[in-house]
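Peer 1: my questions are about this predicted structure, shown below with the sequence.
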Amino acid sequence: KAEAEAKAEAEAKAEAEAKAEAEAKAKAQEAVAEAEAEANAKAEADAKAEADTQAEAAAKADAEAVTKARADAKAHAEAASTAEAVAQATAGFEAESATRPVTSVAVPHSAALPDPPHSHAAEHSAAPGAPGMWPTPPAQPMPNGMRPTPRLRAAGPKQ
């Protein structure tokens, strides 16, 4: 009789352990399913955010393209109006000059600039500023307070 009780107790204990194990497995599966659902929800949210970002970038690019197209159209219209104004002025000038008599203006020979010396030897032998050479232009100051580099100082002003 004690043996039968011990056997029944062992069976009940084994059954309780199997039941507890099944419950633990079910809980673990439920936790895994919840974690998967959370991961899927996060992935969906990330995908939606990425799609929103791409849509925003596309809208911005479209707006920039429209702005550029407007600026191009405005520049084209300005160029066309300028060309039309130039054409009108040219036509007016041509019409006016067609009615005027042509007069030539004689330049006295003394007013013409003297020719520079063309002797190749004179270019090398004469020092700058010597008679027979064009005058050396005055040195110009460097822009924005810059100083000439030693190489530029050695070379001197271009002639």
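Peer 2: Thanks, I have it. Everything numeric in this text was worked out from a predicted model, so none of it was measured.

Peer 1: and the strands in the protein?
Peer 2: Applying DSSP state E to the chain gives no strands.

Peer 1: lowest-confidence helix or strand of this protein?
Peer 2: Of all helical and strand segments in the chain, the minimum by mean pLDDT, DSSP states H and E falls on helix 120-125, at a mean of 52.

Peer 1: so what's the residue count around residue 2?
Peer 2: For residue 2, the tally of surrounding residues (other Cβ atoms under 10 Å) stands at 6. C-betas here are computed from N, CA, C, even on glycine.

Peer 1: with residue 41 instead?
Peer 2: 10.

Peer 1: equivalent analysis for the one 4 residues further on, please.
Peer 2: As a burial measure, the neighbour count of residue 45 was computed by other Cβ under 10 Å and equals 10.

Peer 1: residue 22 now?
Peer 2: Around residue 22 there are 10 residues (other Cβ under 10 Å).

Peer 1: per-residue confidence for it?
Peer 2: pLDDT, residue 22: 97.

Peer 1: over to residue 109?
Peer 2: 57.

Peer 1: show me where pLDDT drops low in this structure?
Peer 2: When residues are selected by pLDDT under 70, those of the chain lie in 101-159.

Peer 1: do a quick rundown of the helices in it.
Peer 2: Ranges of helices in the chain, per DSSP state H, are 2-99, 120-125, 150-155.

Peer 1: what helices or strands is the longest one leaning on?
Peer 2: If I follow you right, that is helix 2-99. Helix 2-99 sits against no helix or strand, with contacts defined as 3 or more Cβ pairs under 8 Å, 6 or more residues apart in numbering; DSSP states H and E.
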